[in-house]
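Participant: build me a model:
(chains A and B)
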Amino acid sequence: KAGVTQTPRYLIKTRGQQVTLSCSPISGHRSVSWYQQTPGQGLQFLFEYFSETQRNKGNFPGRFSGRQFSNSRSEMNVSTLELGDSALYLCASSYSRTSGGPETQYFGPGTRLLVL
Amino acid sequence: KQEVTQIPAALSVPEGENLVLNCSFTDSAIYNLQWFRQDPGKGLTSLLLIQSSQREQTSGRLNASLDKSSGRSTLYIAASQPGDSATYLCAVKSGANNLFFGTGTRLTVIP
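Facilitator: Numbers count the residues shown, from 1 in each chain, chains lettered A, B, ... in the order given. This next block holds a predicted model:
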């Protein structure tokens, strides 16, 4: 089985712009979660989508949004970019049918975003 | 809210030494605990996953233990090698379907 893929791998944007990141989960996985990793805050949970619905959300401002398509692929959007949004954005997929449970999350390689 | 702490933040050891990395968490109601490795600028590589009903897991030179009641896990690396140099992260899954990560231990194995 192919792993979790993320595109693009690298992005450079300027303040005020918006950006869209994409994540394709492992075939058969319907849950997709997004995480942000920064040197100062570490790895933090952004949100989770399951069957095209946001099922869980972390503590991030409304500039961060996402969606999931019927094929389980997910996109994450950040509007009005700030310098502090520079980070590695990681996507993870799992087979979880319920919100909570022991299923493993499998991570993609990440998208590194630099905001100038 | 679940909080995960890893000690030490950084560790340097000579090649061949055995070492232990520590992880503690505040809420013992977890589904599982996972250890990851992250190389600089890269994504996460899953090393070991321990379900809440298990006490330990082993893979090659790695052994992870879990003591849910005390909120602790350790990752034991035997006979360390320079290729083990990386940041090691522990993460717990509790509540909804998301992971709570520690801040990591940066390991350097000196040849």
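Participant: CA atoms for contacts and neighbours, from now on please.
Facilitator: Fine.
Participant: low-confidence ranges, chain A, go.
Facilitator: The model of chain A has pLDDT under 70 over residues A:1, A:97-102.
Participant: swap in 80 and give it another go.
Facilitator: Filtered on pLDDT under 80, chain A yields the residue ranges A:1, A:96-103.
Participant: and if you look at chain B?
Facilitator: Confidence mapping of chain B against pLDDT under 80 gives the ranges B:95-97.
Participant: near chain A, which residues of it are found?
Facilitator: Contact residues, chain B versus chain A (C-alpha under 8 Å from any C-alpha of the partner chain): B:31-32, B:42-46, B:49, B:51, B:93-103.
Participant: and those residues, which are buried?
Facilitator: The neighbour-count test (16 or more other C-alpha atoms under 10 Å in any protein chain shown) marks B:31-32, B:43-46, B:49, B:51, B:93-95, B:97-103 as buried among the residues of chain B next to chain A.
Participant: can you tell me which of those are in strands?
Facilitator: Under the assignment DSSP state E, these contribute B:32, B:44-46, B:49, B:51, B:93, B:99-101 to strands.
Participant: what is the most widely separated pair among those residues?
Facilitator: B:Leu44 and B:Gln51 (19.0 Å; C-alpha to C-alpha).
Participant: how about the strands in chain B?
Facilitator: For chain B, strands defined by DSSP E occupy the ranges B:4-7, B:10-14, B:19-25, B:32-38, B:44-51, B:56-59, B:62-67, B:72-77, B:86-93, B:99-101, B:105-110.
Participant: thank you, goodbye.
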